[in-house]
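1. Need coordinates for the following:
(chains A and B)
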Amino acid sequence: MQELGKIHQLIIHFMGHDLTFNVEVMIMTWIVIAFLIIFGISAAGKKSILPGPIQIVGELFVEQFFSLAEETIGEELGKKYAPLICALFMFLVLSNWLGIIPHLDEPTKDLNTTLGLGLMGCFIAHYTAIKEKGLKTYLKGYIEPFFMMLPLNIIGELANVVSISFRLFGNIMGGSIIILVVSYLTYSLFLPPFLNAFFGFFSGTIQAFVFTMLTTVYIALKAK
Amino acid sequence: MAIEGADIIKAAACLGAGISMGLGAIGPGVGEGMAAAKACEAIGRNPSEAGLLTRTMLVGQAVSESTGIYSLVIALLLLFVV
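-> Residues are numbered from 1 along each chain as shown, chains lettered A, B, ... in the order given. Here you go, the predicted model:
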């Protein structure tokens, strides 16, 4: 089977260890951030009573995810974490849609991005638990029903992080590999646009929503 | 032409990838079909809530698909890295 693609990496030798930077993924992430900044500035620029189209889209996002956060997490804590949930969803939706533009790749195609976001959600949840409930109650939660549950509870936390990040990574990477192989087999004739539409728009949006909702539920469970 | 050790490793990796993805696709298929069946039943009973039911069904199916995705990741690892 011939070579269908390559990953460009930048390896810096620093004090006896190797630092590896995946340059393509970083550039794609910067493109997504630039899109989001432009969208944010143009949506919230002049807050008019009769909104233009970009402001309508911004209000749609904010309304949906602020109400989701307040329903799931609670009233005062939800108001504090709602911007995080909204920003997480907008970043994930835009980065899953980026693969449709011809020479760009989704940044979530790399396990580093999704694992980073999953670990961020995990740290935020545990920090909230310690700040809300205090250190003693938080530590006592690990030996909750009886003492032998300690390894099971710890493995449960790790499994949550792993499953969230691997689900997003597997969906996006698997979709792009299927598109690559099918385009190679059919000489890019009829099928690839429909596959791109399915894997990019439909599956990408659903996976972004599932990731965001699972992070919200995770924070709500720990903060109770 | 003798069969070398490296060929056996490659053959075993391809076989493992096929078995992993093939057996791993059974579970999510059955589970998501059951979720869709319950959603159809519920829409038949209460057609005005069709939007909310469809959205909930899609989210539930996306979570239930994750074990299939794990076996896809293992199959890709076996094919392209071993």
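
2. So which residues on chain B come close to chain A?
-> B:58, B:59, B:62, B:63, B:65, B:66, B:69, B:70, B:72, B:73, B:76 (C-beta under 8 Å from any C-beta of the partner chain). Backbone N, C-alpha and C define where each C-beta goes, glycine included.

3. Report the contact partners of the residue nearest to the spatial centre of chain A.
-> Nearest residue to the geometric centre of chain A (C-alpha atoms, centre = their mean): residue A:92, 4.6 Å. Counting by C-beta atoms under 8 Å, 6 or more residues apart in numbering or on different chains, residue A:92 makes contact with A:108, A:117, A:168, A:207, A:208, A:211, A:212.

4. Report the buried members of the residues of chain B next to chain A.
-> Neighbour counting by 16 or more other C-beta atoms under 10 Å in any protein chain shown classes B:58, B:59, B:62, B:65, B:66, B:69, B:70, B:72, B:73, B:76 among the residues of chain B next to chain A as buried.

5. In helices, which of the contacts of residue A:92 appear?
-> A:117, A:168, A:207, A:208, A:211, A:212 (DSSP state H).

6. Can you name the next helix or strand after the strand or helix carrying residue B:60?
-> Following DSSP states H and E, one finds residue B:60 within helix B:50-64. Using DSSP H and E, the helix or strand that follows helix B:50-64 in sequence is helix B:66-80.

7. measure residue A:117 to residue B:22 for me?
-> As judged by C-beta to C-beta, to the nearest Å, residue A:117 and residue B:22 stand 31 Å apart.

8. do the same with residue A:168
-> Applying C-beta to C-beta to residue A:168 and residue B:22 gives a distance of 24 Å.

9. Neighbour count for the two, which is higher?
-> Between residue A:168 and residue B:22, counting by other C-beta atoms under 10 Å in any protein chain shown, residue A:168 is the more crowded of the two (28 against 11).

10. wait, the more buried one sits on residue A:114?
-> Yes. The criterion here is C-beta atoms under 8 Å, and residue A:168 meets it with residue A:114 at 4.6 Å.

11. Next, residue A:10: secondary structure please.
-> Three-state call for residue A:10 (DSSP: H, G, I helix; E, B strand; the rest coil): strand.

12. Now do the contacts for the most centrally placed residue in chain B.
-> Geometric centre of chain B, nearest residue: residue B:68, 2.7 Å, by C-alpha atoms, centre = their mean. Residue B:68 sits next to B:24, B:25, B:27, B:28 when contact means C-beta under 8 Å, 6+ apart.

13. State the number of residues packed around the first one.
-> Residue B:24 is surrounded by 18 other residues when neighbours are defined as other C-beta under 10 Å.

14. How much space separates the closest residue to it other than its chain neighbours from residue A:177?
-> Using C-beta to C-beta, 6 or more residues apart in numbering or on different chains and skipping the chain neighbours, the partner closest in space to residue B:24 is residue B:71 (2.7 Å). Distance of residue B:71 to residue A:177, computed by C-beta to C-beta: 14 Å.

15. Same drill for these two, tell me which one is more crowded.
-> Comparing residue B:71 with residue A:177 by other C-beta under 10 Å, the one with more neighbours is residue B:71, at 21 against 17.

16. which ones are touching that one?
-> Applying C-beta under 8 Å, 6+ apart, the residues near residue B:71 are B:20, B:21, B:23, B:24, B:25.

17. Return the member of those nearest to chain A.
-> Closest approach to chain A among these (C-beta to the nearest C-beta): residue B:21, at 10.0 Å.

18. residues in chain A within reach of chain B, list them.
-> A:163, A:166-167, A:169-171, A:173-174, A:177, A:206-207, A:209-210, A:213-214.

19. circling back: report the two of the ones in helices among the contacts of residue A:92 separated the most.
-> A:117 and A:207 (12.1 Å; C-beta to C-beta).

20. Any idea how many residues pack against residue 79?
-> Using chain A. Residue A:79: 13 neighbours (other C-beta under 10 Å).

21. wrong chain, I was asking about chain B
-> 18.

22. Same question for residue A:159.
-> 10.

23. element containing it, please.
-> Counting by DSSP H and E, residue A:159 is found in helix A:150-185.

24. gap between the nearest residue to residue A:173 once chain neighbours are set aside and chain B?
-> Nearest residue to residue A:173, sequence neighbours excluded (C-beta to C-beta, 6+ apart): residue A:109, at 5.2 Å. For residue A:109, the distance to chain B (C-beta to the nearest C-beta, to the nearest Å) stands at 12 Å.

25. Next one: residue A:45 from residue A:51, what distance?
-> 11 Å.

26. tally of neighbours for residue A:208?
-> Residue A:208, neighbours per other C-beta under 10 Å, totals 24.

27. Next up, the contacts around the residue in chain B positioned nearest to chain A.
-> Per C-beta to the nearest C-beta, residue B:69 is where chain B lies closest to chain A, at 3.5 Å. Residues counted as contacts of residue B:69 (C-beta under 8 Å, 6+ apart) are A:166, A:167, A:170, A:171, A:174.
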